[in-house]
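In: Turn this into a structure:
(one chain, ligands or ions: 2)
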Amino acid sequence: MRNADVPADMRLKIAVQKSGRLTDSSLDLLSRCGLKYSRGKDQLMCYGENMPLDVLFVRDDDIPDLVQEDVCDLGLVGLNVIEEKRLAFQAREVGPLFDTVQLLDFGRCRLCIAVPEGFHYEDAQSLQGKRIATTYPHILSRFLKQNGISAEVVVLSGSVEIAPRLGRADLICDLVSTGSTLAANHLRNVHTVLESQAALIRTPMPIPAQKQEWTRRLLMRIDGVEQVKGSKYIMLHAPRSALAAIAKLLPGSEAPTVIPLEGLGDRVAVHAVCPENVFWETLEDLKDAGATSVLVLPVEKMLA
Ligand code: ATP
Ligand code: ZN
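Out: Numbering: from 1, shown residues only. Ligands and ions are numbered 1, 2, ... in the order given. Here you go, the predicted model:
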């Protein structure tokens with residue numbers, strides 16, 4: 001059966017943020033996994049052309065609900081939203097919940113307590129009796145409870161950073177990546193409540209066998225894409241006597257491949273995958289150790 005002919009209920013559905021900070025990286029990940037799709041302007045769903053996988057574009061806050069309700073099989077969303085929803089579902093005793101399958105290398109940010117200039121903050125106790133504005137009431141309430149703090153949680157749906165200036169709160173608990181928004185609003189980060197990054201979630205329901213096979217393949221591909229991010233393939237020539245020194249210099253590479261070079265006596269070619277970036281300093285050290293013709297190539301895909 002061609003992928004285009006797979007019936008709609010046997011096609012995997014993955015929810016992705018429609019337009020925002022996670023969108024480009026989410027689509028880039030799916031493309032790197034080999035998915036080809038066409039997306040029309042304002043289209044809410046795209047049909048995968050070469051896999052029975054369709055992409056649904058929604059607000060990031062809706063992704064856990066769609067996956068939890070089994071409307072989508074998979075979702076790409078931040079840990080901040082996942083954790084907030086998980087606590088909200090738990091509070092309402094809703095279940096079964098979605099499963100977090102894998103952390104992904106994008107969407108990094110921190111959920112922080114930030115105070116206005118002039119606010120004297122020593123430790124969590126400084127929050128006693130204060131009004132804290134946030135869009136993450138469940139995560140914040142858990143943090144306050146864990147620290148034995150009684151404070152008022154002011155729930156806002158956006159623009160949290162201006163709440164202190166408007167007199168709606170004494171301080172805030174909001175997402176920060178570079179800190180420039182905080183600085184622009186005369187706020188100072190005093191405590192990180194949650195470290196966040198994007199993650200893949202999946203439905204808690206059993207997936208039919210046909211879909212399950214594609215889920216397995218997609219997860220394996222995502223794993224492959226995540227593994228090679230930053231990985232490099234190094235090729236170099238060296239005298240056999242320098243092999244031990246060179247192996248030590250190759251970052252994180254366990255067993256380099258050593259190939260004899262025809263007609264070059266004692267010289268060999270060394271090939272290795274390094275699971276981290278290779279800096280100029282390492283290349284200079286390799287050269288000092290006797291390496292020549294050093295080539296560093298990006299790794300595009302890897303299947304363990
Ligand atoms: P939507 O309309 O989908 O609800 P949004 O305004 O909630 O959009 P964005 O600001 O695009 O969402 O952020 C989406 C996600 O990106 C956040 O939930 C978080 O996981 C991640 N993120 C990374 N850096 C930041 C940051 N500096 N501020 C906010 N979110 C960030
Ligand atoms: Zn959102």
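In: and P52, what does it touch?
Out: N3, V6, M10, R11, L12, Q210, K211, W214 (Cβ atoms under 8 Å, 6 or more residues apart in numbering). Yep, even glycine has a C-beta here, placed from its N, CA and C like the rest.
In: and which of those residues is nearest to ligand 2?
Out: The shortest approach to ligand 2 among the contacts of P52 belongs to L12, at 23.4 Å (Cβ to the ion).
In: what's around the closest one, how many residues?
Out: Residues near L12, counting by other Cβ atoms under 10 Å, number 24.
In: likewise F98?
Out: F98, neighbours per other Cβ under 10 Å, totals 26.
In: Let me see the contact set for it.
Out: By Cβ under 8 Å, 6+ apart, the residues touching F98 are P64, V67, Q68, G75, I82, I201, R202, T203, P204.
In: and the gap between it and ligand 2?
Out: Distance of F98 to ligand 2, given as Cβ to the ion, to the nearest Å: 17 Å.
In: Show the pLDDT at W280.
Out: If you check W280, the pLDDT there is 89.
In: Please tell me I have it right and P251 contacts T282.
Out: Yes. Counting by Cβ atoms under 8 Å, P251 does reach T282; the two are 6.4 Å apart.
In: more crowded one of these two?
Out: Neighbour count, other Cβ under 10 Å: between P251 and T282, T282 has more, with 19 against 15.
In: ok, the more buried one to ligand 1 distance?
Out: 31 Å (Cβ to the nearest ligand atom, to the nearest Å).
In: same question, I207
Out: 25 Å.
In: coming back round to it: show only the entries of the contacts of P52 found in helices.
Out: Q210, K211, W214 (DSSP state H).
In: For ligand 1, tell me which of the residues you listed show up nearby.
Out: Near ligand 1, taking Cβ under 6 Å from any ligand atom as the test, no member of these is found.
In: all strands in the stretch 151-300 of the chain, in order from the N-terminus.
Out: For the stretch 151-300 of the chain, applying DSSP state E, counting those that start in this stretch gives strands covering 152-155, 171-176, 187-196, 198-202, 232-239, 257-260, 267-274, 292-298.
In: For L295, which non-adjacent residue is spatially closest?
Out: Using Cβ to Cβ, 6 or more residues apart in numbering and skipping the chain neighbours, the partner closest in space to L295 is M235 (4.5 Å).
In: next one: T192
Out: In space, T192 is closest to R110, 4.8 Å off (Cβ to Cβ, 6+ apart).
In: ok, now which ones touch that neighbour?
Out: So R110 contacts L175, V176, S177, N189, T192, V193, L194, E195, S196 (Cβ under 8 Å, 6+ apart).
In: Surely it is within a strand?
Out: Yes. Residue state for R110 (DSSP: H, G, I helix; E, B strand; the rest coil) corresponds to a strand.
In: What separation do you get for it and L140?
Out: Going from R110 to L140 by Cβ to Cβ, to the nearest Å gives 13 Å.
In: quick one on the thing from earlier: would you show me how to pick out the buried ones of the contacts of F98 in ChimeraX?
Out: Buried residues among these (16 or more other Cβ atoms under 10 Å), as a ChimeraX selection:
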select :64,67,68,75,82,201,202,203
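In: Using pLDDT, spot the least trustworthy of the contacts of F98.
Out: P204 (88).
In: Quick check: which element contains the nearest residue to S19 once chain neighbours are set aside?
Out: Spatial nearest neighbour of S19, excluding adjacent residues (Cβ to Cβ, 6+ apart): F57 at 7.7 Å. In this structure, F57 sits in strand 53-58 according to DSSP states H and E.
In: thinking again about what came up before, ligand 1 is nearest to which of the strands of the stretch 151-300 of the chain?
Out: Counting by Cβ to the nearest ligand atom, ligand 1 lies closest to strand 171-176 out of the strands of the stretch 151-300 of the chain; the figure is 3.7 Å.
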